[in-house]
Structures are given as structure tokens and as C-alpha cells.
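Colleague: Model the following, please.
(chains A and B)
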Amino acid sequence: MSAAAKSAAIGFLTAVEHHDFGICGGYLILNAAGRPLEFHCTAPVLASRALEILYGPTLRESLYEQIAPALLGKAKVAPVLVCTDLPLMVAAAPASDVPLVLVLAGGAEQRDEEQSFALGKNRAAASGGAMHPDVEDRWRHLGADQFDLLEPFVRIREALEEAQRAATSKSAA
Amino acid sequence: MDLQSLTGDDLTLPQAQIESAEFRLPPPKTVGLKIPKASIKATSYTFPEAPARGQASCLPGASSSTAVAGTRAAGRPGTTRLKPARDIVKLADRLYYLLQPPLELLLASDELHFPFAPFPYQYQGVAFLYPRYSAILADEMGLGKTMQAITAVRMLVRSGEIRSVLLICPKPLVTNWKREFGLWAPEIPLAVIEGDQTRRHWQWRQEGVPVKIANYELLMRDREVLDETLHFDLVILDEAQRIKNTGSSTHQVATAIARTRNWALTGTPIENSPDDLVGIFEFLSPGYLRPGMTPKRLAELCKDYILRRTKEMVLADMPPKLFRDAELDLTPDQRATYEIAENEGVVHLNELGDSITIQHVFELVLRLKQICNFDPLTGASSKLERLEADLEEVAASGKKAIVFSQWVKSLAVLKEKLQQFGPLEYHGQIPSKQRDPVLKQFKEDKSKHVILMSYGAGAVGLNLQFCEYVFLFDRWWNPAIEDQAINRAHRLGTAGPVTVTRMLSLATIEERINQILEHKRALFDTVIGQTAAPASLGLTHDDIFGLFNLRTPKGPIHAAA
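Modeller: The predicted structure follows:
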């Protein structure tokens, strides 16, 4: 692996929703070898009753719109690409020079065949059609064709659970 | 009012007086409600691999399209995840391990090449050791504790998490560890602590050598050096049952070594009583266990520290026969005798000139092979030392083993030396009438852990499927005969995989013979594409002459190997 490829980083942004605790956002930045460089997570975001009434059906979108920039703004390393597995995150993320792509789960591949494109072994959809050529270009330079872009989201979810467990046991102590 | 008494003038209606009152509601009061936003508290963690602050990652150049996370090194994709140990308390440290990629990806991305693709359970073993500061890998003998420990060490050294490792093992296993490190972590420099005191003291302090290997006996002699300023990032005890007795000096020296991480490797963490485990834990985590704890309580407390797999548990991963090559250095006594015998023998053969026959060469080969088994003067034997170490584990696990030798005389010595394992003999000098009772006793008597067999007597017509271990104390001339012998223990319907340990003395005639046989087998496999070697793959007339670069009466013979 070249020195340039080694120093490249890729971001993964997602969230988990818990009925009682609310929404926890997580943003993981990996180097090209898949090792973690940075991890940012939010404390659980739980909407109050007032917010529920006021925002109505747009509440979740609103919360994601606050979580996404809060996480992305924390990063010290600028990745060449940010991936998410949640359509809500795509809509919520602020405009940026760094492309944000929606990595499609296996079942979504067929359905979104026309709007999606191949990203290594995965299929993805870019946030805005205009971004598409740039994403592919960046991906090609990253040279990460064997990278499973869905796998890091599993890590984030486990890390968020761990952080939540730690917070719960701390508050119980 | 009475209407009938009214006059006409009175009929005038009184003028109504209207008063208007203006009603005005007070203006509504309005309150501005600011729509609150949910508060977002984000926490950040930065890991060791992150570039220095302010240094942004960059797009690789257009010509640098190198696959970053392929499976070219490890060979197969997998999902063995690292999990933090329970005793890792700090959340940042726990997240560091949780957020690592699957082990297979990690190994591939570091371009760690392996001589063979590890089995899935071995990946799990590496994933178990890697994040742990205190751990016991207690796999049954033959499952590759050595390889798993070396790979975990390799990853930790390469990631910069550790810089100094001390591996302590029984003396007969030092060569094996050295060889295995060469095989599984060839890029990591290592030093075997040995030689006179001055040399050893220098070696203990030698820098730039991440891995040092010492044996338990040396540890005792060099305890003063270890008591001083030496500190290791990781100390590994192989055959850790040796420190189970907390009162022993071995235990005291081992536990006194300054260190950050401790791992113990043993196939028998409990040999006699659960308190054996307490002794080992005094090295791992002093005071964590106490003597006399109930087995249930011990199991509960140790759960996160011990990984134990038996062959049965990983049966799906295992080949039916697992070969281990025990390549051993001769003891100094053996080496001295061997050198004299070989030099004098070759001189004698050369003096024979054209009258030399294959019988002459054969006699020298046999003599040298016997010295490889035991030094005729002192009885010293590196093979015996290794065999005893391995049989301790076999016996402690309640298992049984067959030891093959081509000489009844060697078997007789072994019988004397291996009394603690209840050895039985089965060879040509055992009367026929006694043979079946011997086999019956071996099968039924739990105190009999080993049967000593000659290749001739044990090669055919026997079924010993209840044996899980086979040791080839010396090697036969022909792999096909060895295969027959091994198959006494491994047959269809056998309970589990059989571990075959092939003993071989390095830099001796045994190694040269082995190279010829391996070369022939490889050639056969390449050409024919089969793994079973036919009987013709033994040594030929020319092979035997070539062992000593001798000229035959018909002309020069090329050197073997």
C-alpha cells in the first residue's frame, strides 16, 4: 500500500434508535487499512413531549439534522468520503466538500439499481446526482475495492451499545 | 299598575332612556414560545493510529491504486471480532478494541503472511489474546497454542502496543519456539537467552530485540538480573502449570518479573486440584483467586480469562491428522558424541575405498541415529526431554499416546525413563501370548498413558483408535511405514483427530534423511497429484551413499538434499 493510500481516511456515519433512550449518533473514521482513527458519538437524544407535539411527524428528521452536523463537526481528520447506511442521515447532513454516500444494504440493491452505483463490493447512492462522478473518482483513488462498506456500521453500533452500557452503569453507581 | 284607572293623558308611554355602554375586550396577550432544540452532547475518542492533530488525510495519488483490505495475506475473509476483556475498564480502551476491523481484515491489511491459513478457531484464539492483559490459553495439545500466541504477539509488536516480550518455556521446547517464531513471525527479531553468565546478562539487556526466549531453569539462575531493572511489556509462560505451586521457586521468580501483560499457555491448567489454577492466577492477577474456592465460583471468576478448546470442540475445523514437527537440537553431550562418531565413521568409510558396500554406510547411519535418540555415554536425550514435557500434558488430560521407535533398545530406555506415565511395551520381543493382554490393559487401565511400540510390531493389524497422540521418536526409512504406524491410532470411526509429533534432531543424519524423503514426497505429489506416498518413496542405494557425499564403487554420488 502506498504512503498516500495509507494516509487516506474514510468516514462512517450512522445512528441507533432506542425506544427508551432515544437516538445515539456515531461517526467513525477509519484509515485505509480499516483501523479506527477517531470515533465520535452523541449522548442519547430523547425528544421532550413538547418537541413531539411541535414537530409532529417531522421530529426524527429534525433530530437527525442536529445529530449529523454535531458529529461531523467534531472530526479532526478530514476523510475523503463519508458513508452512511441511513437515508435520514443523507438528508440531514450539512452541505460539504466531502461527498456523503448512502451505502445500500443487500436487499436494496435490486430496487435501487437504476439510481445506485457500484462502490467496490457494495452498491451506493450519492447525496445528489451531481456528486456521483466525484464519489467514484475518490473511491478509485482510495483503492479499497475489497472493503465491505457495511461492516464498519456493525462496529459503530457495538461501540454505541458499549458507551450506553458504560453510561448506564456509571449513573447507577 | 291598574289599567282601568288610567286616564287618556296617562296613556302616553314614558320616554325610554337609553344608555349606551361601550364594551371593549382587553387586547389578547401573546407569548412567544421558542421551539426548543434537543441538546446534543457529543464525545470524541482519538486512537493511536490517528495522524497528529491538524494533519488531514489526503487523497492517494492516481497511480497508487493498491487494494487496502484484501484477503491476499490471510487467505480467506472472515469475521472474527476483537472484544475487550472485562478487566479493561476505561471506555476509550474498550472502544479501541470494539472498533477494530475483523481480525482477518486486520491481518490482511498489515500484510502479515502466513505459511498456512490458520483455522477459524485459531483466529478466535488470537482475537482472545490480543486485547488481554491477563489470559490463559488452555487449548488441548495439538491445537496450535504456539501459533496463536505468536500471531497475537506479532500483531501487538507491529501495532506498537508492545516492544518487549519475554517467553519462558521448558528447555526442550526452546528450539521449537524459535522455529515457530521463524515460521509465523519471521520479521520479528528474537534472541534465545543462553550461554555463559556474561553472555546471558548481556542478552537480557540487549535492545532492539522485541522477543526474548528463556527456559525455566535459566530463569532460576538469572533471578538477580530479573529482580533488578528489567521490565517487559508482555511475559508469556508456556507450560504454565509449572508455576501452579505457589511455594516453588519457579513460581516466585516468574511472578517477580516486572511486566505489563501476562499470558499463560497450558493444555492442563488444572492437573490435580482446582487450586492449581489459583497458582497460575497468582502470576496473572495476584489475589484474584483464593485457595479453597468452589469450582463453581472459580469458573465464574475465570470465565473471561481462560480460553479452552478441545479437539472435539473444533472438530469441524480440524484435519483428521495433525502433524507437528518437533525439530530439536541435540544436547551438548549428544552433539559431542555425534560429531566424533560421524567424523570417524566417514574417515573409515573413505578408507574402505572400492570395497565399500551399502551395508557399511548403513551401519554408520544406524549408529548416528541411535546417538540422536540417546547419548550412549551419558544417556542424555533432547528427544526424551521433549517427550516427557508432552506426555505430562497427555497424562494430565487423561489421554493416551503411542510412541514409535525402530529400536527395541530405545524403547527399553524409554520404559525406564517414563515410569510416571505407566508405560507398556509392544514389540517383537514381547511374547505373542502377552500381546493381547498388553493391549487390553493399555485400553482399560487409566494409569497407563503410553504404549511403546516398534514400527514392525505396531505397523499392521492393530486398532488403537482410542489413542489421540502418536509420537515418532525416530523416523523410519520409508514414509509409507510411518503412515501405517500412524494409522493404528487414526482409522475411520476414530473418536477424534490424531496429533502426530515427528521428532527430528537438527543438523544430523536424521535431518538429511528427512530432506530426501520430503523431497521425494513433494515430487510425487507434484507429478501424481496425490498425497499418499507409495512404498517406493523410501531411500535408495544412491540416497544412502549420498548421505555422506561418498563415492560408490561405481562413481561419485551427489550430495543429498
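Colleague: use CA for all of it now, contacts and neighbours both
Modeller: Will do.
Colleague: buried set for stretch A:52-72?
Modeller: A:55, A:62-68, A:70-72 (16 or more other CA atoms under 10 Å in any protein chain shown).
Colleague: Now that stretch - C-alpha only, PDB.
Modeller: Extracted in PDB, the C-alpha atoms of stretch A:52-72 (Å, rounded to 0.1, in the frame of the first residue of the first chain):
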ATOM      1  CA  GLU A  52     -43.000  15.700  19.900                       C
ATOM      2  CA  ILE A  53     -46.100  17.900  19.700                       C
ATOM      3  CA  LEU A  54     -44.500  20.700  18.000                       C
ATOM      4  CA  TYR A  55     -42.500  18.800  15.400                       C
ATOM      5  CA  GLY A  56     -45.100  16.100  14.800                       C
ATOM      6  CA  PRO A  57     -44.100  13.700  12.100                       C
ATOM      7  CA  THR A  58     -41.000  15.700  11.200                       C
ATOM      8  CA  LEU A  59     -39.400  15.100  14.600                       C
ATOM      9  CA  ARG A  60     -37.000  12.400  13.600                       C
ATOM     10  CA  GLU A  61     -35.800  14.400  10.700                       C
ATOM     11  CA  SER A  62     -35.200  17.300  12.900                       C
ATOM     12  CA  LEU A  63     -33.200  15.300  15.400                       C
ATOM     13  CA  TYR A  64     -31.000  13.800  12.700                       C
ATOM     14  CA  GLU A  65     -30.500  17.300  11.300                       C
ATOM     15  CA  GLN A  66     -28.900  18.200  14.700                       C
ATOM     16  CA  ILE A  67     -27.000  15.000  15.200                       C
ATOM     17  CA  ALA A  68     -25.300  14.800  11.800                       C
ATOM     18  CA  PRO A  69     -23.600  18.200  11.900                       C
ATOM     19  CA  ALA A  70     -22.700  17.800  15.600                       C
ATOM     20  CA  LEU A  71     -20.800  14.600  14.800                       C
ATOM     21  CA  LEU A  72     -19.300  15.700  11.500                       C
END
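Colleague: can it be found next to chain B?
Modeller: Yes: residues of stretch A:52-72 contacting chain B under CA under 8 Å from any CA of the partner chain: A:54, A:63, A:66-67, A:70-71.
Colleague: List the ones among the residues you listed that fall in helices.
Modeller: A:54, A:63, A:66-67, A:70-71 (DSSP state H).
Colleague: Below-threshold pLDDT in chain A: ranges please.
Modeller: A:1-7, A:107-114, A:126-133, A:173 (pLDDT under 70).
Colleague: can you give me the helices in it?
Modeller: A:3-7, A:49-55, A:59-72, A:87-92, A:108-111, A:132-142, A:151-172.
Colleague: Give the other helices and strands that the second one contacts.
Modeller: Counting contacts by 3 or more CA pairs under 8 Å, 6 or more residues apart in numbering or on different chains; DSSP states H and E, helix A:49-55 is packed against helix A:59-72.
Colleague: Go again with 7 Å.
Modeller: With contacts taken as 3 or more CA pairs under 7 Å, 6 or more residues apart in numbering or on different chains; DSSP states H and E, helix A:49-55 sits against no other helix or strand.
Colleague: Leaving out sequence neighbours, find the closest residue to residue A:30.
Modeller: residue A:36 (4.4 Å; CA to CA, 6 or more residues apart in numbering or on different chains).
Colleague: For stretch B:144-161, buried residues please.
Modeller: Here stretch B:144-161 shows B:144-157 as buried, counting by 16+ other CA under 10 Å.
Colleague: Show me the two of those residues that sit farthest apart.
Modeller: Across these, the longest distance by CA to CA is 20.0 Å; it joins B:144 and B:157.
Colleague: sorry, back to before: now render the buried residues of stretch B:144-161 as a markdown table, adding pLDDT, secondary structure and distance to chain A.
Modeller: Formatted as a markdown table, those follow (pLDDT from 0 to 100; DSSP: H, G, I helix; E, B strand; the rest coil; distance: CA to the nearest CA, whole Å):
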| residue | pLDDT | secondary structure | distance to chain A |
| --- | --- | --- | --- |
| B:144 | 89 | coil | 27 |
| B:145 | 93 | helix | 26 |
| B:146 | 94 | helix | 26 |
| B:147 | 94 | helix | 23 |
| B:148 | 96 | helix | 21 |
| B:149 | 97 | helix | 22 |
| B:150 | 97 | helix | 21 |
| B:151 | 96 | helix | 18 |
| B:152 | 96 | helix | 16 |
| B:153 | 97 | helix | 18 |
| B:154 | 95 | helix | 16 |
| B:155 | 93 | helix | 13 |
| B:156 | 94 | helix | 14 |
| B:157 | 94 | helix | 16 |
